[in-house]
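> Let's see this in three dimensions:
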Amino acid sequence: MTYVDPPSAALHGELTADGTQIVLIGVGPDPAIAQMADRLQLATPLIKPSNPPGALVLPATWAAVVQLSHLFGAVWRPGPRLLGWLAEEMRLRTQPGTELTVTLPEGLVLRPYQVEGARMIAAMGRALLFDDPGAGKTITTILGLLERAAAGHQVAPVVVIAPASVVDPWIDAWRTWAPDWRVNAWRGTPDHRRRLAARPAGTAAHVVVASYDTARMDAAKGKPLDRLGARTVVVDECHLIKSASAARSIAARRLAKRADNFVALSGTPITHHPGDLWPTLEALAPTAWPSGERWKARYCVTIPGDYSARVIGLNDAAEPEFRATLLGQHRRVAKADVLTQLPPKVYSVRQVELPPAYRKAYDQLERQMIAQLPDGEELSVMSVLAQLTRLSQLASAAADVTVTREPGPDGEMQGRTEVRLKAPSWKVDALLEVLAERPGSPVVAFAPSRQLMALAGEQATKVGLQVGYVMGGQSMRERTETVERFQKGKLDLLCVTTGAGGVGLTLTAARTVVFLQRPWSLVEATQAEDRCHRIGSEIHDSIEVVDIVATDTIDARVRSVLHEKAGQLADLLKDPRLVTQLLGGSTPRKAA
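Alright, predicted model coming up:
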């Protein structure tokens, strides 16, 4: 909705001589001026009085001008200097060029859409690359930064922040596509990292690649990554910084704000709701998006929450404006549109039955959970997730269940349940059947549970299969070597926990993906599938995704609810009615 006022009213804007701010002056009747001032509060940039008084100023950003134009319509009057700046911005954002000038290493070829993405990065310097998982965002980013450097911009030193599992793949990609650039892993002892930061210009790395955890420790003021003085920051899997108050999010945004260039990559930028985007937007353009609350108020649909407004979606009416604010800085391509040679995904479900004795234990725990649900009260998400996780474990394998009692925060005694999985596992038995049916064809197995993955690997080893693991607690070297062995066909089975290996990895040697458990998020599940369905999987005629589901358990119900709600389970668990649905209804089943 735009501003409407008498023809005599106008909001004039002009760029300051140094090009950093826009000065706003309203003219017209006093009521019109007051209305303009009120409407300016709807913009996301922070607007301040000028010095000397008499005008308002705000940072000169493309997003600010787009918002002013939408807020005030014909009343908005940009001055000549601002119009010149806008014309140049429009040229950069809409005409980034079609070819790359950098010479690619012999034998390497880019796809056309990667050239387009690289040109966007080269032209703008700060960009969001949200192509589908497996579309080659890493290479697009590297070539975009090389092209920007070739055009005379200061790009190095580059800091890449990525999940630990893909630090080494990032290093390999830089060394392959930019062999003249010095690249180091940012890891090791604190003393070693301090020495990396202190290397003289002639020997210092052009690029360092750090895990999120290491970046979190080293990004504070005076710490090694801060002293490195990054001119470019790349944040891979940027959906991992969605929590604005998390230490890793604060670290990534701090480094990004000080850098000249910034690229954020994710195939799934929204894992929860559109509010996930704000930390990445602030890293992209801190002065355009300085406040998460202001961004949500302008572009999102919200409802009251316990402490702040809860985002439930993007405001459809404001979406065109939001897209315009990111003109030329944002790109998303779907694999189905640009990688038509990729094989189709073929989904199937294998049902397994719980043995009678274990069915009885499962049903008993499920009935206890239903009995403990309060009527109509909002639930503790973490508490419910913990209980659902225990149920999921009991639906997967035999287990030793230990219940201890200890004082809670209020002094009352509370029960604590610990589940340790053991053989037999009806799900692992089904996995072994899948492997036996596909001799010589490598398989990737996923589950959130480390215990279940370890049990699967143990049982597969006992029948003579070569097994590797990607799980938490491993060194980066161990993960990298395991993935390399798998890709070279030296492993029959790769057991991967979704938390440790669900993003970033390339596992295209497999044409079969097996989920022994689904993660609580559709986004995480899709990311995991796409470790195998990406550039390089053209060697297969199809990618088979097999779900092993225990009949009449939480397995099938969680899958159904997630697909129906298209969301993340943590979002849904505050409603006791939904939890009852997940547990199979309020009427307990008769024990087998």
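> use CA for all of it now, contacts and neighbours both
Will do.
> Can you give me the domain boundaries for this protein?
Domain assignment for the chain, taken from automatic domain parsing, gives 10-93, 104-338, 354-422+555-582, 424-552.
> just for the chain, where's the confidence low?
Filtered on pLDDT under 70, the chain yields the residue ranges 1-7, 52, 98, 372-384, 408-416, 561-592.
> In JSON lines, list the domains of the chain along with distance to residue 348 and mean neighbour count.
Converted to JSON lines, these look like this (distance: least, C-alpha to C-alpha, whole Å; neighbours: other C-alpha atoms under 10 Å):
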{"stretch": "domain 10-93", "distance to residue 348": "44", "mean neighbour count": "17"}
{"stretch": "domain 104-338", "distance to residue 348": "20", "mean neighbour count": "19"}
{"stretch": "domain 354-422+555-582", "distance to residue 348": "13", "mean neighbour count": "16"}
{"stretch": "domain 424-552", "distance to residue 348": "5", "mean neighbour count": "20"}
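> Could you provide those domains in a markdown table, with additional columns for distance to residue 347?
A markdown table is the format used below for those (distance: least, C-alpha to C-alpha, whole Å):
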| stretch | distance to residue 347 |
| --- | --- |
| domain 10-93 | 40 |
| domain 104-338 | 17 |
| domain 354-422+555-582 | 13 |
| domain 424-552 | 5 |
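> Residue 346: which of those is closest?
domain 424-552 (4.8 Å; C-alpha to C-alpha).
> which stretches of the stretch 151-300 of the chain form helices?
With DSSP state H, counting those that start in this stretch, the ranges of helices along the stretch 151-300 of the chain come out as 167-177, 190-198, 212-218, 224-228, 247-258, 278-284, 292-299.
> same question, the stretch 1-150 of the chain
All helices of the stretch 1-150 of the chain, identified by DSSP H, counting those that start in this stretch, fall at 30-40, 62-72, 80-94, 112-124, 137-150.
> closest one to residue 554 among those?
In this view, those are compared for proximity to residue 554 by C-alpha to C-alpha, and helix 137-150 is the closest at 35.8 Å.
> ok and the closest one relative to helix 167-177, angle-wise?
Inter-element angle recorded for helix 137-150 and helix 167-177: 50 degrees (by axes from the mean of the first three to the mean of the last three C-alpha atoms, to 10 degrees).
> now residue 58, nearest residue through space, not along the chain?
Once flanking residues are discounted, residue 58 sits nearest to residue 47: 4.8 Å by C-alpha to C-alpha, 6 or more residues apart in numbering.
> Let me see the contact set for the one you found.
When contacts are counted by C-alpha atoms under 8 Å, 6 or more residues apart in numbering, residue 47 touches 40, 41, 56, 57, 58, 59.
> still on that earlier bit, can you say which of the domains of the chain is nearest to residue 344?
The closest of the domains of the chain to residue 344 is domain 424-552. By C-alpha to C-alpha, the value is 5.1 Å.
> Of the helices of the stretch 1-150 of the chain, which is nearest residue 9?
Using C-alpha to C-alpha as the criterion, the shortest distance between residue 9 and the helices of the stretch 1-150 of the chain is 6.6 Å, found for helix 30-40.
> quick one: the spatially most central residue of the chain from residue 313, how far?
Central residue check for the chain by C-alpha atoms, centre = their mean: the C-alpha nearest the mean position is that of residue 239, 2.3 Å away. Note on residue 239: its distance to residue 313, by C-alpha to C-alpha, to the nearest Å, is 17 Å.
> quick one, strands of the stretch 451-592 of the chain?
If you assign secondary structure with DSSP state E, counting those that start in this stretch, the strands in the stretch 451-592 of the chain sit at 467-470, 493-497, 512-515, 543-550.
> Equivalent analysis for the stretch 201-350 of the chain, please.
With strands called from DSSP E, counting those that start in this stretch, the stretch 201-350 of the chain shows them at 207-211, 232-236, 261-265, 300-303, 310-314, 330-331, 345-352.
> Now render these as a markdown table, adding distance to residue 364.
Rendered in a markdown table, the data for these read as follows (distance: least, C-alpha to C-alpha, whole Å):
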| stretch | distance to residue 364 |
| --- | --- |
| strand 207-211 | 42 |
| strand 232-236 | 44 |
| strand 261-265 | 45 |
| strand 300-303 | 37 |
| strand 310-314 | 36 |
| strand 330-331 | 50 |
| strand 345-352 | 19 |
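> between the ones you listed, which gets nearest to residue 252?
When the strands of the stretch 201-350 of the chain are compared for distance to residue 252 using C-alpha to C-alpha, the nearest one is strand 232-236, at 7.3 Å.
> quick one: contacts of that closest one?
With C-alpha under 8 Å, 6+ apart as the contact definition, strand 232-236 has outside contacts at 155-163, 252, 255-256, 259-266.
> Report the inter-axis angle for that strand versus helix 247-258.
Angle between the axes of strand 232-236 and helix 247-258 is 150 degrees (criterion: the same axes, to 10 degrees).
> hang on, the earlier thing: nearest to residue 101, of the strands of the stretch 201-350 of the chain?
Nearest to residue 101, of all these, is strand 261-265, at 19.3 Å by C-alpha to C-alpha.
> Within the sheet, what are the partner strands of the closest one, with directions?
In its sheet, strand 261-265 lies beside strand 126-129 (parallel), strand 232-236 (parallel), with partners assigned from DSSP bridges.
> Might you quantify the distance of that strand from its chain's geometric centre?
Here the centre of mass of C-alpha atoms in strand 261-265, compared against the chain's by C-alpha atoms, centre = their mean, to the nearest Å, lies 13 Å away.
> thinking again about what came up before, would you mind putting the strands of the stretch 451-592 of the chain into TSV with distance to residue 275 alongside?
Formatted as TSV, the entries for the strands of the stretch 451-592 of the chain read as follows, by distance: least, C-alpha to C-alpha, whole Å:
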stretch	distance to residue 275
strand 467-470	31
strand 493-497	27
strand 512-515	29
strand 543-550	31
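> For residue 204, find the nearest of those strands.
Closest to residue 204 of the strands of the stretch 451-592 of the chain is strand 467-470 (C-alpha to C-alpha; 31.5 Å).
> For that closest one, name the packing helices and strands.
Packed against strand 467-470, as judged by 3 or more C-alpha pairs under 8 Å, 6 or more residues apart in numbering; DSSP states H and E, are the following elements: helix 450-462, helix 476-487, strand 493-497.
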